[in-house]
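> sequence and predicted structure, then a few things I'm wondering about:
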Amino acid sequence: MTLSISEIILITVILLLGIGFYGLLAVRNLIKVIVSLQIMVKGMMLGFVLAGRLAGNVSLGQSLAILVIVVDTIVAIIGLALAVQIRRYAGSLDVKALTTLKR
Amino acid sequence: MNANTALIWLIAIPLAAAPIIYLAGRLSVRASTNGRSAVSAWLATLTLLSTGYPLYFVGKAVLAGSPVKLAVQAVQLRMDGIGLLLALVVLLLGLLVVLFSTAYMSGNEGEEKYYALLIAMIGSIIGLGCAADLFNLWVWFEAMAITSYMLVAFYITQPASLEAGFKYLVQSAAGSVFVLLGIVLVFSQTGTLDLLEIRNAVQSPNPLLLAAGAAFLIGFGVKSALAPMHTWLPDAHSQAPSGISAMLSGIVIEAGLVAMLRALGSISGASSSWGGLLLGFGAVNMLVGNLMALRQTQVKRLLAYSSISHMGYILLGLGIAIAFNIANGAAGAFFHLFTHALMKGLAFLAAGALLYTLHIARDDHGPLMLDDLNGASKRYPLAAFTLSIAVLALGGLPPLAGFMSKWQIFVAGAQTQNTWVIVLVIFAALNSVLSLGYYAPLVSRMYRKTPSPIVESGEPAPQTIVFPLLLLALGVVLLGFAPAWMNWLTGPAASSLLAAFGG
């Protein structure tokens, strides 16, 4: 069985989304939570390239992917900065330590 | 001024002013001897007032029915009734929040960042209101989200506010992945990103476009706190500085809803059930918000859960409008959006005034508990009075503004002549009664209980904190007596919504 390029990309996108979402639910370290989010967004970047290919507008799809990279980097930086502050003032990077607001 | 030029200024002024406010504030803090400076607050006020000037020309053109748009290459910005409503509400509420914050945030570390981020958030909400391109919509939405993450976690040495900020960031970022998924699906099917072109291209049901609609519902639903995705909201609203709680509750979650309506409107050809889905989410939101609010012991968490239930009323009105093509429902929903911004803004600011005098002025970052309010009217008559007006209006007591907007939604529901919608309207009215179960004890606490020790020993509230409260309370009372005053704004917004959904 041979797969076309589009199908290979599609499978990769779905795998990345699935791995990222599983990580978001299962992982307990705050840094790894951000990494899981990043994996999901990486899947979507590939998704934009694929969508551009399917829609016959490759350049638009790729330029959108670059814009996603820019926006997503800012989100990741803020998330990591918050994780650093949490480590400093709450003393732990474990998600289970962040339950003071749960009631 | 030409309306198209005015649109450029409307977006450019706040976005360009944000870094200037930061720099000027930072330099003046360094130059001052005691580490305090009001420069950033005054610059923020000036920015918002000067943004009102182009808004006047844009508003005049939109209300006259002429198209106001701005094209940057293929990306279009188009202003319509909904965008005008959003811009007006955000500027009005933003101005009052800045006035309130001059005393509330004074002397905080990083005060200049607070104003710079607040102005950037206001600018991105105005931009979101006039985005006419699916990807552009997402970019404005993310700009708004990024500024609000930093504002929620503003007290960066308090573990509780860091926790709320991180929770908000992770949930919201996961939501925005779903939005991207929706955009990818729509883009791959239609090959265009312009909302109007997508709507013309989508005429028949298509499973991939239905999946895209579901992704939009989930993604934007996280931001607008649709019921199962609401868990970040009470934490973020209660831990943010009070001015930001007012902005989040009064306009940011509604901006998420507007973004969702724009995205769903573009693929309305794929299915006719979006209105019904909004009705369902509305019913769940009302019930969840009210039931959770009943068991809260902190004032700001209680108000946060009441925001969830008020999103339910807005969704009810929008669902009626979209499912049955009744403009009155959308007008009621947009009127409720406006009055909710006033009422909930007032409630959070009044609670913030009490929080400031009872806790923050004493360097205590603890929450404002319900018990702290006991007898507050004796020492803080104005703050207690405005908070009472706000919660009674939220509960829907006539003749305050909240009653009028809910009434308009209920009347629109009765117009549908549909049994299920009328059952839903009765359910909403009963929920309104249920909500008095937590609003009324709040008022009774402030006026009938003997003052708690913390109130007895409190300092009087600063004048600059009380002044915006009085303005908002005046607005809530006046709109209750003359709800028709807002028809010029809600009517065009309702017709824009129905036009977007092809009605």
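Okay, I see it.
> interface residues of chain A facing chain B?
Residues of chain A found near chain B (C-beta under 8 Å from any C-beta of the partner chain) are A:17, A:20-21, A:24, A:30, A:33-34, A:37, A:40-41, A:44, A:47-48, A:50-52, A:54-57, A:60-61, A:64, A:67-68, A:71, A:74-75, A:78-79, A:82-83, A:85-86, A:89-90, A:98, A:100-101. Quick note: C-beta positions are derived from backbone N, CA and C, even for glycine.
> buried sites along stretch B:154-170?
B:154-156, B:158-170 (16 or more other C-beta atoms under 10 Å in any protein chain shown).
> mind checking which of the residues of chain A next to chain B land in helices?
A:17, A:20-21, A:24, A:30, A:33-34, A:37, A:40-41, A:44, A:47-48, A:50-52, A:54, A:60-61, A:64, A:67-68, A:71, A:74-75, A:78-79, A:82-83, A:85-86, A:89-90 (DSSP state H).
> where's residue 8, which helix or strand?
The chain I'm using is chain A. Per DSSP states H and E: A:I8 is located in helix A:5-26.
> actually chain B
helix B:3-31.
> average pLDDT for whatever helix or strand comes next after that helix?
Once helix B:3-31 ends, the next helix or strand along the chain (criterion: DSSP H and E) is helix B:39-63. The predicted model assigns helix B:39-63 a mean pLDDT of 92.
> helices or strands up against helix B:39-63?
Contact here means 3 or more C-beta pairs under 8 Å, 6 or more residues apart in numbering or on different chains; DSSP states H and E; on that basis helix B:39-63 packs against helix B:3-31, strand B:68-72, strand B:75-79, helix B:81-104, helix B:111-129, helix B:487-500.
> could you give the angle of it to helix B:3-31?
170 degrees (axes from the mean of the first three to the mean of the last three C-alpha atoms, to 10 degrees).
> could you give me the buried positions within helix B:39-63?
B:39-45, B:47-48, B:51-52, B:54-55, B:57-59, B:61-62.
> next one: stretch B:20-38
Under 16+ other C-beta under 10 Å, the buried positions of stretch B:20-38 are B:21-22, B:24-26, B:28-29, B:37.
> stretch B:474-488 too?
Using 16+ other C-beta under 10 Å as the test for burial, stretch B:474-488 gives B:475-476, B:479-480, B:483, B:486.
> what of stretch B:216-236?
Result for stretch B:216-236 [16+ other C-beta under 10 Å]: buried residues B:216-227, B:229-230, B:232-236.
> can you report how many residues lie near the residue of the stretch 351-500 of chain B found nearest chain A?
Residue nearest to chain A within the stretch 351-500 of chain B: B:P367 (9.9 Å; C-beta to the nearest C-beta). For B:P367, the neighbour count with other C-beta atoms under 10 Å in any protein chain shown is 17.
> residues contacting the residue lying closest to it once chain neighbours are set aside?
Nearest residue to B:P367, sequence neighbours excluded (C-beta to C-beta, 6 or more residues apart in numbering or on different chains): B:Q298, at 4.5 Å. Residues near B:Q298 by C-beta atoms under 8 Å, 6 or more residues apart in numbering or on different chains: B:238, B:367-370.
> farthest pair in these?
For the contacts of B:Q298, the farthest-apart pair by C-beta to C-beta is B:S238 and B:L370; their separation is 12.8 Å.
> out of those two, which sits in the busier spot?
A direct count of neighbours by other C-beta under 10 Å for B:S238 and B:L370 places B:S238 higher, at 26 against 16.
> give me phi/psi at B:Q296?
Phi and psi for B:Q296, reported as degrees, to the nearest 10, are phi -90, psi 150.
> where's the closest residue to it other than its chain neighbours, which helix or strand?
Spatial nearest neighbour of B:Q296, chain neighbours left out: B:L302 (4.2 Å); criterion: C-beta to C-beta, 6+ apart. Assigned by DSSP H and E, B:L302 falls within helix B:299-324.
> what mean pLDDT does that helix get?
93.
> that helix versus helix B:487-500: what angle between them?
60 degrees.
> I'd like the next helix or strand past helix B:299-324.
Sequence order places helix B:327-358 as the next helix or strand after helix B:299-324, per DSSP H and E.
> residue ranges with poor pLDDT in chain A?
Scanning chain A for pLDDT under 70 picks out A:1, A:102-103.
> what about 90?
A:1-6, A:55-58, A:89-103 (pLDDT under 90).
> over to the stretch 301-450 of chain B?
When residues are selected by pLDDT under 90, those of the stretch 301-450 of chain B lie in B:325, B:357-380, B:396-399, B:417-418, B:449-450.
> OK, contacts around the residue in it positioned nearest to chain A?
Closest residue of the stretch 301-450 of chain B to chain A, C-beta to the nearest C-beta: B:R301 (8.7 Å). When contacts are counted by C-beta under 8 Å, 6+ apart, B:R301 touches B:234, B:237-238, B:367.
> which among these gets closest to B:T33?
For these, the nearest to B:T33 is B:P367 (33.7 Å; C-beta to C-beta).
> phi and psi next, for the closest one.
The phi/psi pair for B:P367 (degrees, to the nearest 10) is phi -80, psi 160.
> OK, contacts around B:S388?
For B:S388, the contacting residues are B:442-443, B:446-447, by C-beta under 8 Å, 6+ apart.
> those, buried ones only, as a PyMOL selection?
Applying 16+ other C-beta under 10 Å to the contacts of B:S388, the buried members can be selected in PyMOL as follows:
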select buried, chain B and resi 442+443+446
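> reformat the contacts of B:S388 as CSV; add secondary structure.
Formatted as CSV, the contacts of B:S388 follow (DSSP: H, G, I helix; E, B strand; the rest coil):
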residue, secondary structure
B:L442, helix
B:V443, helix
B:M446, helix
B:Y447, helix
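> nearest residue to B:G289 in space, please, no chain neighbours.
Nearest to B:G289 is B:S309, by C-beta to C-beta, 6+ apart, at 2.9 Å.
> what's the one you found in contact with, if anything?
The contact partners of B:S309, by C-beta under 8 Å, 6+ apart, come to B:285-290, B:293, B:431, B:435.
> touching, B:V170 and A:L24? I think so.
Yes: at 7.3 Å, B:V170 and A:L24 qualify as touching, with contact defined as C-beta atoms under 8 Å.
> name the residues of stretch B:404-422 that are buried.
B:404-410, B:412-413, B:416, B:421.
> residues contacting the residue of the stretch 351-500 of chain B closest to chain A?
B:238, B:298-301, B:359 are the contacts of B:P367 under C-beta under 8 Å, 6+ apart.
> now with 7 Å, please.
Applying C-beta atoms under 7 Å, 6 or more residues apart in numbering or on different chains, we find B:P367 in contact with B:238, B:298, B:300.
> number of residues surrounding the last one?
So that's B:K300. Residues lying near B:K300 (other C-beta under 10 Å) number 22.
> and the residue nearest to the spatial centre of chain B, how close does it get to chain A?
Computing the C-alpha centroid of chain B and ranking residues by C-alpha atoms, centre = their mean puts B:I251 first, at 1.7 Å. To chain A, B:I251 is 21 Å away according to C-beta to the nearest C-beta, to the nearest Å.
> the residue nearest to that residue when sequence neighbours are not counted and A:I9, how far apart?
Nearest non-adjacent residue to B:I251, counting by C-beta to C-beta, 6+ apart: B:V90, 5.0 Å away. Separation of B:V90 from A:I9 (C-beta to C-beta, to the nearest Å) stands at 40 Å.
> those two - which one has more neighbours?
Counted by other C-beta under 10 Å, B:V90 and A:I9 do not tie: B:V90 has more neighbours, with 29 against 18.
> A:T99: neighbour count?
Around A:T99 there are 9 residues (other C-beta under 10 Å).
> ok, A:V58 next?
A count of nearby residues for A:V58, using other C-beta under 10 Å, gives 13.
> show me the contacts for it.
Contacts of A:V58 (C-beta under 7 Å, 6+ apart): A:G52.
> check the spacing between it and chain B real quick.
A:V58 is 11 Å from chain B, by C-beta to the nearest C-beta.
> quick one: that residue and A:M44, what's the gap?
Taking C-beta to C-beta, one finds A:V58 at 17 Å from A:M44.
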